[in-house]
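Student: Sequence first, predicted coordinates after that:
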Amino acid sequence: MIRYLYLVVLLCAACSSPQRELRIYAWGDYFDPTTLREFEKRYHCQIVIDTYDSNEAMYAKLKLGASGYDLLFPSNYFMSLLQQEEMLQPIDKARMPNLTTLDNRLMEMIHAEETPYGLPYLMTYTGLGYRKDRIADIQPSWTLFGHRAWRGRMTMVNDMREVLGAALLSLGYSINTSEPHEIDEAVELLIGWKRNLAKFESEQYKNGLASAEFILSQGYTGDILQVREEEPEVELALPREGLMISIDFVAIPADAPHPELANAFINFLYEATIAARNIERTFYLIPNTAAYALLDPSLRDNNGLFPPDEILQKSEVIRDIGPSIRLYNKAWSRVKAAD
């Protein structure tokens, strides 16, 4: 009887003991839920996710004192800012055997930054989502936002670098230019486009395309492909001028409460089967060669995941532009303030 009572006490203590939480701050619709449950089961923890819709929103929340996160997923051009402000801790790459599956060809082609504070996790592109039942024979170009016939039925993402990048590409300039006159030209073009837009918005455009409230939207290619799964009249087009490319990095905050668990999660994300499931769920490319072989052929041939070379050659990675960011901040303020 005493032994029985002792076992009951042990079991009750185990059941009542607090479970470790892995707190993640990431973009929305970022993981296949089954992969999260698998990690929870494997490491006896609970995953809690908060989401943001822009790097600026993520950064502002952290600067205002938000803490307790174990993992962040900043875009490449925000990595140096977070590092400079000592907001990250090094990743223990020695514990990451799955890194051998990274697509080095793609990493070299896009010049992914080498840093001890983060690893390239997922590639995003912005393209055009449109209703093919409302727009026939589309000629993919960023200049479509100047089309007055669709006034009030178009959106662009609420992201300074993505929107200014679209205007700069359409003018034949680099999306990372530091030339004031080129940025000024982009502002004037954008103010004209803005008059035709319903709004700048980074989330609800998906529902708007699905319902036909919007017929043309600048959007993240993965988002647009997700909408197309539910609504076949939504299609993706890649502008002939090229794309803005971002690489979302995975990073560990300097004050992360569970850095060992965070490192384990990062290595887990690079497992071929896990990466393939997350690609299939999000329609974003995780540069993992072992995962490519596990994808359905329809995904391996999808130009939203694997843009054709002629488009990639015109595309650019959004980069940290140092002090020149002030020119972009002022430009974006002018666009937002314009009638």
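Tutor: Structure's in. What do you need?

Student: Now do whichever strand or helix holds I24: which elements does it pack against?
Tutor: Here I24 sits within strand 20-27, counting by DSSP states H and E. Strand 20-27 sits against helix 33-43, strand 45-52, strand 71-72, helix 259-269, with contacts defined as 3 or more CB pairs under 8 Å, 6 or more residues apart in numbering; DSSP states H and E. Glycine gets a C-beta too; all of them are placed from N, C-alpha and C.

Student: would you turn these into CSV with mean neighbour count?
Tutor: CSV is the format used below for the helices and strands packed on strand 20-27 (neighbours: other CB atoms under 10 Å):
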stretch, mean neighbour count
helix 33-43, 14
strand 45-52, 16
strand 71-72, 26
helix 259-269, 20
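
Student: So for A210, which of the ones you listed sits nearest?
Tutor: Closest of the helices and strands packed on strand 20-27 to A210 is strand 45-52, at 19.6 Å (criterion: CB to CB).

Student: Please export the C-alpha coordinates of that closest one as CSV.
Tutor: In CSV, the C-alpha atoms belonging to strand 45-52 read as follows (Å, rounded to 0.1, in the frame of the first residue of the first chain):
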residue,chain,number,x,y,z
CYS,A,45,7.2,20.9,-24.5
GLN,A,46,4.4,23.3,-25.6
ILE,A,47,4.9,25.7,-28.5
VAL,A,48,3.3,29.2,-28.2
ILE,A,49,3.3,31.4,-31.3
ASP,A,50,2.7,35.2,-31.6
THR,A,51,2.6,36.7,-35.0
TYR,A,52,3.6,39.9,-36.8
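
Student: Would you map out the domains in this protein?
Tutor: Using automatic domain parsing, the domain parsing of the chain gives 2-123+246-300, 124-245+307-337.

Student: Lowest mean pLDDT across those domains, which one is that?
Tutor: Note on the domains of the chain: lowest mean pLDDT is at domain 2-123+246-300, with a mean of 87.

Student: Distance from it to the middle of the chain?
Tutor: On the basis of CA atoms, centre = their mean, to the nearest Å, domain 2-123+246-300 sits 13 Å off its chain's mean C-alpha point.

Student: All the strands of the protein, residue numbers only.
Tutor: 20-27, 45-52, 71-72, 88-89, 119-131, 154-156, 197-200, 216-220, 234-237, 244-250, 252-253, 316-317 (DSSP state E).
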